[in-house]
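Colleague: Here is my input, please return the structure:
(chains A and B)
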Amino acid sequence: MAMAAGADETLWGHHPPPLIPTDNALTAARISLGQRLFHDPALSVNGSTSCATCHQPERHFTDGRPRAIGALGDEHPHNTPTLYNTAYNASFGWRDEGLTSLESQHRVPLFNQTPVEMGYEDEFAERLAADPTYVNAFAAAYGMPITTARIINALASYVRTLTPPETAFDRYLFYDEPLDATARNGMTLFFSERLGCGSCHAAFTLSGPIHHGDLRAEPVFHVTAVGGSGTAFRAPTLRAVQHTAPYMHDGSLATLEDVIRHYETTDAERVPEFVLSRTERSALAAFLRTL
Amino acid sequence: MRKLNLLHIATAVTLLTSALAADVNAAGSGGGSSTPSYNTGGRALSPEQQSDKAFRSGLKQRDRALKQEEKAARAKSEKARDKALAKAQKAYAKAIEKQGEALQLNPQNYKAANELGFALRKTGDYRKAIGAYNYALQINPSYHEATEYRGEAFLALGMFEQTKRSYMVLFREDRALAAQLMSRIDEWIAAQDDALDEDQTAFVAWVDERKRVAQITNDLSMNNTRAW
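Modeller: Coordinates of the predicted model:
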């Protein structure tokens, strides 16, 4: 898919504009339509579930559950990740190397059958066509008729604009505002070679590989050994991480302290020196809470 | 000719006076424009073209001054050094004249304002230099080169808070220029012979902290090119 730089840079605040597919240029009408669709349970098999059911804006686009529950009550094997900074990802989902566009990623929650997430079917587009306000919105954003591809494009347009709120760390790093001394010590630990947190949770997104401007990075996946899993997962953004508990791909760790202890006790070869004093542990957690 | 030169300088001073009254901390992000070349085919130059011509003439004077400064640094005798520095100051004075002329012809020529600031700073007129940089940044808030130069002028005047703010703008928008300003700050610190006063000590502590932050958050810039 051909990609172009973002047109309206103000949409992303202090972030650089992400890459945008040339066949789904970003417009105000598309973002607005996508936001409405994002909250509409009419896209689910039984009218019970919208994207926002799991990606709740008031919970920083997570749901507070260890693992997501689909429209038919199926438990998803993975934790609901925040959607902040998704537009920059080099890959999508927790471990799907082939998902390299936001548009293709949206097919997963809509069509996934194992487990059923939304339970969407192409015919559902006709439900929307019965609503004159949707007809007008689609006509303005993409033209008619209303199709699954256009629904997906609108959803992706909205999600592409989601960036985290400015935090204490941003204000310290970029605006020289004071940051608590404990958190500053935690920052030093986070970016140290000894712990290496910042090696995977990197760039302004504090995440795995991203794309923007001329930067093109290949997807990278790491074995975290959470729950004894040998599967490799994408490093998610740590922006707003204090608000997105529980943690890890399976939501099995309830607190940031649990995550730190996991890396202290795991036998993963990637972080052999991840051993902390009580003071250091508190400092690292304090820093994570500023992100 | 003498009258004309004075007129140009007077115009520049007027521009600077208004710029100095403006917010000295205004700054922004990204940008710039290339210098055009043109064949007028015998027609009269437009004010913009005349401004650009004066601007480029000013640049030649600046380069001449910089060469004399290099020569002074290599000079084997004090007399030779003083002679080269005097020539440099003379060239900077001409650069001020030319950039003032460029601004008079085209008040939107922010690059001329920036170069006017550079030459004024090099002649030790830091306050007017800051006014010229302010003026350049009013026209083009994204012209970070002026923010960096203005930071150096603030530093020379001991205006530490303004120097810090200049650095932070560059840290957000252009890490290379932020590093350049930090190098100038390091040079300034190294050149302090006397014991530091309270403000200077606090500034040096801030510099140490920001250098550490810049080093450990190296790939957190808004325009990073990190590879995983």
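
Colleague: Can you report phi and psi for B:Gly131?
Modeller: For B:Gly131, the backbone dihedrals (degrees, to the nearest 10) come out as phi -60, psi -40.

Colleague: pretty sure B:Ile130 contacts B:Ala153?
Modeller: Yes: counting by C-beta atoms under 8 Å, B:Ala153 is a contact partner of B:Ile130 at 4.9 Å. In this view, the C-beta of every residue, glycine as well, is placed from N, C-alpha and C.

Colleague: Need the residues touching each of these two.
Modeller: Shared contacts of B:Ile130 and B:Ala153, defined by C-beta atoms under 8 Å, 6 or more residues apart in numbering or on different chains, are found at B:Gly117.

Colleague: Next, count neighbours for the residue of chain B found nearest chain A.
Modeller: Closest to chain A within chain B is B:Ile216: 4.1 Å, counting by C-beta to the nearest C-beta. Neighbours of B:Ile216 under the rule other C-beta atoms under 10 Å in any protein chain shown: 15.

Colleague: cool, A:Arg67 as well?
Modeller: Other residues within reach of A:Arg67, judged by other C-beta under 10 Å, total 19.

Colleague: A:Ser229: what's it in contact with?
Modeller: A:Val223, A:His249, A:Asp250.

Colleague: With B:Ala136 instead?
Modeller: With contact set as C-beta under 8 Å, 6+ apart, B:Ala136 has these partners: B:Tyr110, B:Lys111, B:Ala113, B:Asn114, B:Gly117, B:Tyr143, B:Ala146.

Colleague: so it, which of the three states?
Modeller: Following DSSP: H, G, I helix; E, B strand; the rest coil, we place B:Ala136 in the helix state.

Colleague: Not counting residues beside it along the chain, what's closest to it?
Modeller: Closest residue in space to B:Ala136, ignoring its immediate chain neighbours: B:Ala113 at 3.8 Å, by C-beta to C-beta, 6 or more residues apart in numbering or on different chains.

Colleague: Would you confirm that that neighbour contacts B:Ala129?
Modeller: No: contact status for B:Ala113 versus B:Ala129: not in contact, 10.4 Å apart, counting by C-beta under 8 Å.

Colleague: More neighbours: those two, which one.
Modeller: Between B:Ala113 and B:Ala129, B:Ala113 has the larger neighbour count (other C-beta under 10 Å), namely 32 against 28.

Colleague: need the contact list for the residue of the stretch 151-291 of chain A found nearest chain B.
Modeller: In the stretch 151-291 of chain A, the residue that lies nearest chain B is A:Phe191 (4.1 Å; C-beta to the nearest C-beta). Neighbouring residues of A:Phe191 by C-beta under 8 Å, 6+ apart: A:Cys197, A:Gly198, B:Ile216, B:Thr217.

Colleague: and these as a markdown table, adding distance to B:Lys87, secondary structure and pLDDT?
Modeller: Converted to a markdown table, the contacts of A:Phe191 look like this (distance: C-beta to C-beta, whole Å; DSSP: H, G, I helix; E, B strand; the rest coil; pLDDT from 0 to 100):
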| residue | distance to B:Lys87 | secondary structure | pLDDT |
| --- | --- | --- | --- |
| A:Cys197 | 56 | helix | 91 |
| A:Gly198 | 51 | helix | 90 |
| B:Ile216 | 45 | helix | 89 |
| B:Thr217 | 44 | coil | 87 |
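
Colleague: Beyond the least confident helix or strand in chain B by mean pLDDT, next helix or strand please.
Modeller: Comparing helices and strands within chain B by mean pLDDT, DSSP states H and E singles out helix B:2-20 as the least confident, with a mean of 49. Scanning forward in sequence from helix B:2-20 by DSSP states H and E, the next helix or strand is helix B:47-74.

Colleague: Would you mark the buried spots in that following helix?
Modeller: B:49-55, B:57-59, B:61-62, B:64-65, B:68-69, B:71-72 (16 or more other C-beta atoms under 10 Å in any protein chain shown).

Colleague: what do you get for stretch A:119-127?
Modeller: Within stretch A:119-127, the residues that count as buried by 16+ other C-beta under 10 Å are A:Gly119, A:Tyr120, A:Phe124, A:Ala125.

Colleague: Could you tell me how far B:Glu216 is located from A:Leu195?
Modeller: Let me fix one detail, which is that residue B:216 is Ile and not Glu. 12 Å (C-beta to C-beta, to the nearest Å).

Colleague: got the contact list for residue 155?
Modeller: Going with chain A. A:Gly34, A:Leu37, A:Phe38, A:Cys51, A:His106.

Colleague: hmm, I had chain B in mind actually
Modeller: Here B:Leu155 is in contact with B:Thr163, B:Arg184, B:Ile185, B:Trp188 (criterion: C-beta under 8 Å, 6+ apart).
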